[in-house]
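Colleague: No letters, just coordinates:
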């Protein structure tokens with residue numbers, strides 16, 4: 001029997017949200033329902049050729065015509081060499097009857113390009129190069145294919161199997177409104193039906209597709225969001241990876257169904273190279289992968305292939321838009337991450353409080369409930385920074401309002417939290433209750449801020465408030481209007497300590513096809529929803545961030561969590577993996593899901609701790625807190641149908657274990673904050689698959705149960721019930737690893753069997769690194785900053801170590817606008833630990849003090865340690881434990897932002 005969550009709407013009907021146990025995935029399409037994909041797969045006879053005599057070079061790139069041999073349809077191929085190692089290839093109609101949709105606002109600007117030149121011409125082929133000539137793009141005429149060559153090795157081939165298919169726009173044979181619902185259109189050219197829904201296609205068939213071969217690669221990652229393994233699976237004979245943002249409650253595991261967000265970035269890796277393929281298209285997209293090893297012969301006059309050449313064949317198909325493909329040539333993982341960030345932007349630097357722990361529930365009942373939960377954390381000495389309110393805090397589910405009975409004094413409630421240096425987050429969804437008596441609704445309607453249906457009228461769908469309209473965030477005018485609603489004079493009851501949660505923004509439409517907006521709905525500029533569906537949540541996220549920044553006069557960093565996302569969402573803030581379930585399988589899958597997001601630029605991400613739906617047993621809850629504390633975004637969340645789940649409700653043992661996990665998170669926040677600085681400035685992910693740090697170690701290529709936090713810490717959360725030991729792979733035969741809890745040293749290059757209890761969190765520090773912590777945590781991040789610092793120095797086998805610490809005020813843009821930041825480098829070399837400035841332009845002066853240093857792997861101490869600082873030379877109090885090879889230096893009282901040297 002299906003379980004249905006029913007929410008009473010004010011209009012008298014009921015709003016139904018489907019939960020596990022009902023029709024489930026039957027409401028979502030599989031590939032046999034997706035007719036544009038079936039058309040693409042059926043078109044085997046197409047043969048495109050390149051007209052090399054139309055090649056034209058400009059200062060920015062090159063262009064030439066491509067035509068289909070039978071139909072003579074002509075396309076425009078454009079090639080650019082983007083600075084810093086990226087090749088961009090775009091294909092559009094040469095003379096379209098109307099423009100095709102081109103994705104906007106995802107790229108941070110028009111990429112800077114290098115001038116191409118012709119390296120050589122031969123019969124049926126031309127080679128282009130640029131810069132010093134280490135890369136080439138080679139275009140073959142018949143059949144058309146394009147090769148990217150790096151140092152005489154073919155890295156990527158476009159259209160190797162002739163899968164290029166470009167459906168050109170057409171005028172309808174007669175007005176689409178006259179098409180009959182029962183009229184046959186089995187190919188879905190002008191209309192198609194799914195269940196009771198009819199999709200009318202104003203432009204007819206418009207899909208695009210092409211295949212690529214990634215030579216030498218047999219490990220491919222990325223393409224979030226899917227509840228699947230980190231390494232993408234071969235899709236031969238099975239479902240492709242679908243990129244189509246959907247509200248999938250209690251999504252099934254090990255499936256390729258599109259979930260809440262999409263990043264069309266694929267990352268391939270082999271021991272000597274990492275490669276990225278970024279497909280800039282916001283319509284529904286399906287990706288097929290095939291891993292293969294096959295025989296290869298000679299491939300041209302200068303490029304030789306090995307006789308046995310592994311490769312990955314990738315096929316992209318999108319419903320509409322253009323082909324706009326970026327090939328990120330690396331060659332290192334860090335270079336691929338940087339190349340992608342230069343296109344779509346770097347991770348926003350979050351305010352420090354948002355890296356603390358967040359307590360959320362659907363829903364806290366009223367102001368007294370909020371204050372009671374807040375007091376509970378203090379009573380049980382568990383730090384936290386933010387409490388969250390779901391839809392029930394509003395007046396009849398009208399956003400920007402407060403329920404006058406449950407939350408009659410929202411400002412007083414926020415001031416109560418502010419006195420404890422804590423924040424409030426409230427939900428704000430994109431559907432607007434269709435209430436003509438609500439000023440917000442008629443202002444949006446009269447201002448033409450809503451999405452229209454295909455007939456040009458305002459589109460109505462059903463969501464939590466009942467009958468609703470949906471803001472058209474694709475319009476910059478609407479985004480600005482929406483952003484203005486967050487001003488204090490308009491959003492009554494809000495304060496500067498209120499931040500925002502964008503949910504249901506795929507968008508979720510309870511009575512829509514696949515529980516989302518119809519593809520033939522119409523946005524600003526006349527674009528169909530099918531063209532930009534995957535951008536909808538991205539645009540709301542953008543507008544909300546703009547609203548919070550504007551609210552502060554441009555001074556304060558915002559915090560906005562979004563469920564839906566696209567490439568570039570990292571510029572706005574955080575996302576999470578949606579409505580998971582309280583089972584061990586969902587805890588386990590959260591790790592590869594978050595790693596997939598991490599390597600595709602979405603660094604500030606997390607999963608609902610404890611599982612949103614159903615009730616976790618105490619052991620699962622503890623293990624999930626331990627895992628969540630080692631992931632970028634750390635929030636406990638649960639549905640109203642579940643039992644209350646505050647950490648102190650499960651007995652002293654659970655409370656103690658959860659407290660310890662959260663406290664350890666707070667102690668480590670200086671390191672996390674430094675990692676987010678690196679993400680913000682260099683695109684290095686705070687959490688990384690092992691292969692990112694150990695790119696030549698093939699054993700790591702399929703591992704997704706453990707990962708690196710920065711370059712210094714290796715985490716292996718316990719994700720199985722009742723275990724008394726776990727196996728941890730410690731990479732690097734020349735590496736040393738130190739158990740964070742005990743300081744015990746282990747050599748890398750093998751698997752360690754580690755005994756565990758309920759309190760054990762497997763975490764190892766890599767030799768050769770320095771990790772910064774606070775010595776205490778207080779009740780929140782504001783109190784955390786009152787505690788001094790400690791450094792843990794883990795020696796490499798050579799006896800050296802290095803690490804960094806980033807500091808600023810933790811909340812404003814002064815680090816950017818006034819250079820008020822401090823970046824320190826700590827280096828231990830030849831028995832001397834030094835603190836030096838790593839960025840001279842930074843002028844932030846911290847009052848923080850370094851209290852202690854712990855050196856792991858220190859085998860002997862031959863003399864009294866001393867310190868040289870601005871105060872002069874003094875001896876250092878120390879404790880040496882030779883059996884543990886651990887040296888502790890205490891009572892240092894050194895300025896954390898100053899230069900000093902400790903001689904050991």
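Modeller: Good, I have the coordinates. Remember, predicted model here, so these are calculated numbers, not experimental data.

Colleague: okay, now the domains of the protein?
Modeller: Split into domains by the TED database, the chain comes to 31-172+193-223+263-293+308-344, 352-685, 706-903.

Colleague: Most tightly packed of those?
Modeller: Mean neighbour count (mean count of other CB atoms under 10 Å) peaks for domain 352-685 among the domains of the chain, with a mean of 21. Where C-beta positions appear, they are placed from N, C-alpha and C, glycine not excepted.

Colleague: Dump the domains of the chain into CSV; add mean pLDDT and distance to residue 251 as well.
Modeller: Formatted as CSV, the domains of the chain follow (pLDDT from 0 to 100; distance: least, CB to CB, whole Å):
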stretch, mean pLDDT, distance to residue 251
domain 31-172+193-223+263-293+308-344, 96, 15
domain 352-685, 98, 7
domain 706-903, 98, 18
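
Colleague: Any chance of the ones you listed in JSON lines with distance to residue 255 as columns?
Modeller: Formatted as JSON lines, these follow (distance: least, CB to CB, whole Å):
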{"stretch": "domain 31-172+193-223+263-293+308-344", "distance to residue 255": "13"}
{"stretch": "domain 352-685", "distance to residue 255": "10"}
{"stretch": "domain 706-903", "distance to residue 255": "19"}
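
Colleague: all strands of the stretch 201-350 of the chain, in order?
Modeller: Ranges of strands in the stretch 201-350 of the chain, per DSSP state E, counting those that start in this stretch, are 208-215, 220-222, 241-243, 265-270, 273-279, 285-295, 308-318, 323-328.

Colleague: Now the third one: average pLDDT?
Modeller: Rounded to a whole number, the mean pLDDT of strand 241-243 is 98.

Colleague: What are the neighbouring residues in contact with the residue nearest the centre of the chain?
Modeller: Closest to where the C-alpha atoms of the chain average out (CA atoms, centre = their mean) is residue 602, at 2.2 Å. Listed by CB atoms under 8 Å, 6 or more residues apart in numbering, the contact partners of residue 602 are 224, 261, 263, 565, 569-570, 575.

Colleague: and which of those is nearest to residue 878?
Modeller: Nearest to residue 878 among the contacts of residue 602, counting by CB to CB, is residue 570 at 43.2 Å.

Colleague: Just read off the phi/psi values of the closest one.
Modeller: Taking degrees, to the nearest 10, you get phi -60, psi -30 for the backbone angles of residue 570.

Colleague: That one and residue 348 touch, don't they?
Modeller: Yes - assessed by CB atoms under 8 Å, residue 570 is found in contact with residue 348 at 6.8 Å.

Colleague: Please enumerate the shared neighbours of these two.
Modeller: Overlap between the contact sets of residue 570 and residue 348, as judged by CB under 8 Å, 6+ apart, is given by residue 604.

Colleague: Can you pull the phi/psi pair for residue 661?
Modeller: Reported as degrees, to the nearest 10, the phi and psi values for residue 661 are phi -60, psi -40.

Colleague: Please apply the same query to residue 478.
Modeller: The main-chain torsion angles of residue 478 are listed as degrees, to the nearest 10 and equal phi -70, psi -40.

Colleague: and it, what does it touch?
Modeller: Contact analysis of residue 478 by CB under 8 Å, 6+ apart lists 447, 449, 471-472, 524, 543.

Colleague: ditto for residue 791
Modeller: Neighbours of residue 791 in contact, by CB under 8 Å, 6+ apart: 770-773, 803, 826, 850, 852-854.
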